[in-house]
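In: I need the structure of the sequence given here:
(chains A, B, C and D)
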2 protein chains.
Amino acid sequence: MKKEFSKLSERQQKILRFMQNYMDESGYPPTIREIGEDTGINSTSVVNYNLNKLVDAGYLERTDKVSRGLRLVGDIPGTRKKKVIQALDTAKVPLVGNIAAGQPIQLPDDTGQYYDDDDMIDVPATLLGNNDPSHVFALTVRGDSMIDAMIAENDVVILREQRTANNGDMVAVWLPENGETTLKYFYKEGDKVRLQPAHPTMEPIYVDAKKCEVHGKVLSVIRRIH
Amino acid sequence: MKKEFSKLSERQQKILRFMQNYMDESGYPPTIREIGEDTGINSTSVVNYNLNKLVDAGYLERTDKVSRGLRLVGDIPGTRKKKVIQALDTAKVPLVGNIAAGQPIQLPDDTGQYYDDDDMIDVPATLLGNNDPSHVFALTVRGDSMIDAMIAENDVVILREQRTANNGDMVAVWLPENGETTLKYFYKEGDKVRLQPAHPTMEPIYVDAKKCEVHGKVLSVIRRIH
DNA sequence: TTGACATACGAACGTTCGTTCCGGTATACT
DNA sequence: AGTATACCGGAACGAACGTTCGTATGTCAA
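Out: Model prediction:
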């Protein structure tokens, strides 16, 4: 999926470099129009078009209908990196609670609580997919309710805290109308959302996008059998 | 100029903490309205008012007339710091091949062969359950054939090499009559063996104990989603 | 040639979002 | 009493911003 940087069009490379610099200087992403101005594109739709291409190529993430809803993923060659990221073997992530069908996810509260070592589990860094470990957490699955996500009782689900999702992500969503938490693949279709079970024979469900609260993206699942 | 954090009003502290988390999760700052929603302020003007207070106190910078034109300066106490990643008790396990329904398991050959680093994966010791790592190996699942074991394509299965099993173990068995490899829970019943799928709605199969070659015991399953 | 596809442009539309103004409450001080 | 200050809420305005649509150009393969 991820194209070589050099395979991107001149404009697309320019956009990525501009974004990186803009974010370092401003602390927030540029608007479509600002990108257009810098890169010499004089139509917002063309910028929009190229941004979507960059999403397809794996360099960007976008959030719909949100101003400056852009995120860089990975590194852009030819720009200086602000953050020093060091790749190491494992990370400790907090095992903060349970996930079950009938209740919302208990997120780690934002009070910056300190977690006991007992509540931490070791995770190989590869299971985190280059995510900042400070917003990754783990939940233990209670009950059989996730079997259509191919997830069994007592499995440990590793999640990144986030409220938006891209098509194809597996997400933890809270459906307030049903009073239910579920793990499904996420596909936005107009103002509806299709929630597709991982199990191939199960049917998807469709919900109003307004009534579908994404709470996190599933990074991996760990099952201990013995 | 910079006030003590504790001298800020409850709301102002909450705003700062929210901003920190929001930015870590989204990559861009929140809007005034989003701040209001999170902190229980139901007027944009009040949020605006408090944001300006925070600028005065030296905790924020703003850019006029720009959506999400907010920057945090300095650190906010009471937010989760970036965790230091630390190397932990892990074992390297050889990822020796694939497992699919239609073929026997490829065991690591007994020549005591040396494996490339590329073919090794890091596994937290807890996933090995006190087993000698030298007889543990990993396989990648190909195809959908293991869905009745609640195991999806591309999952990594961690196994210990063994030719016998105890009741209740999940094992990898080769059924020569069917020409098939499968992962099931193992129960000896007389001279038959009951092989029970992990999925609760699936029916078990019964095979002659002689015609059921146990190749290994499943220790854990790892699924990467992203 | 035709058709499909990628890329580009400009204009219009509707929503998001910051700003402003006016009124309100509570406390403290004169 | 009156008044100053700090803080809160609601509503509206206008600019910022993302989205969509119709159209146009060039390339490549059938």
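In: up against DNA strand D, what does chain A have?
Out: Residues of chain A lying near DNA strand D by C-beta under 7 Å from any atom of the strand: A:31-34, A:44-45, A:48, A:62, A:64-69. All C-beta spots, glycine's among them, are computed from the backbone N, C-alpha and C.
In: run the last query once more with 10 Å
Out: A:28-36, A:43-49, A:51-52, A:62-70, A:190-191 (C-beta under 10 Å from any atom of the strand).
In: can you check the pLDDT for residue A:210?
Out: For residue A:210, the model assigns a pLDDT of 71.
In: quick one, phi psi at it?
Out: Note on residue A:210: its backbone torsions stand at phi -70, psi -20 [degrees, to the nearest 10].
In: was I right to think residue A:64 contacts residue A:188?
Out: Yes: using C-beta atoms under 8 Å, residue A:64 is in contact with residue A:188, at 7.1 Å.
In: near DNA strand C, from the residues of chain A next to DNA strand D?
Out: Among these, proximity to DNA strand C is found for A:28, A:32-33, A:36, A:43-49, A:52, A:63-69 (C-beta under 10 Å from any atom of the strand).
In: from those residues, which land in helices?
Out: A:32, A:33, A:36, A:44, A:45, A:46, A:47, A:48, A:49, A:52 (DSSP state H).
In: quick one: which of the residues you listed is the most crowded by neighbours?
Out: Using other C-beta atoms under 10 Å in any protein chain shown as the neighbour test, those are led by residue A:47, with 23 neighbours.
In: touching, that one and residue A:34? I think so.
Out: No: counting by C-beta under 8 Å, residue A:47 does not reach residue A:34; the two are 9.2 Å apart.
In: double-check that residue A:199 belongs to a strand.
Out: No: counting by DSSP: H, G, I helix; E, B strand; the rest coil, residue A:199 is not part of a strand but coil.
In: how does chain A divide into domains?
Out: Annotated domains of chain A cover A:5-72, A:90-222 [automatic domain parsing].
In: would you mind saying which of those domains lies nearest residue B:167?
Out: Closest to residue B:167 of the domains of chain A is domain A:90-222 (C-beta to C-beta; 18.9 Å).
In: surely residue A:13 is within a strand?
Out: No: going by three-state DSSP, the assignment for residue A:13 is helix, not a strand.
In: and the pLDDT for it?
Out: Predicted confidence (pLDDT) for residue A:13: 87.
In: go on, the one 4 residues further on?
Out: Reading off the per-residue confidence, residue A:17 sits at a pLDDT of 86.
In: what about it, which SS state?
Out: Under three-state DSSP, residue A:17 falls in the helix class.
In: from residue B:71, how far out is it?
Out: Separation of residue A:17 from residue B:71 (C-beta to C-beta, to the nearest Å): 21 Å.
In: in the host helix or strand of residue A:206, what's buried?
Out: In this structure, residue A:206 sits in strand A:205-208 according to DSSP states H and E. Within strand A:205-208, the residues scored as buried using 16 or more other C-beta atoms under 10 Å in any protein chain shown are residue A:207.
In: within the sheet, what are the partner strands of the helix or strand following it, with directions?
Out: Using DSSP H and E, the helix or strand that follows strand A:205-208 towards the C-terminus is strand A:213-224. Here strand A:213-224 is paired, per DSSP bridges, with strand A:156-161 (antiparallel), strand A:170-175 (antiparallel), strand B:213-224 (antiparallel).
In: which stretches of chain A aren't confidently modelled?
Out: Within chain A, the stretches with pLDDT under 70 are A:1-7, A:74-97, A:100-120, A:122-134, A:145, A:190, A:226.
In: which stretches of it form strands?
Out: Shown for chain A, the strands assigned by DSSP state E span residues A:60-62, A:70-72, A:90-99, A:120-124, A:136-141, A:156-161, A:170-175, A:180-189, A:192-196, A:205-208, A:213-224.
In: do any residues in the fifth one lie close to chain B?
Out: No: using C-beta under 8 Å from any C-beta of the partner chain, strand A:136-141 never reaches chain B; the gap is at least 9.0 Å.
In: can you get me a residue count around residue A:203?
Out: By the criterion of other C-beta under 10 Å, residue A:203 has 9 neighbours.
In: now mean neighbour count and distance to residue A:58 too, for the strands paired with strand A:213-224, in a markdown table please.
Out: Shown next, in a markdown table, are these (neighbours: other C-beta atoms under 10 Å in any protein chain shown; distance: least, C-beta to C-beta, whole Å):
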| stretch | mean neighbour count | distance to residue A:58 |
| --- | --- | --- |
| strand A:156-161 | 23 | 17 |
| strand A:170-175 | 22 | 17 |
| strand B:213-224 | 22 | 16 |
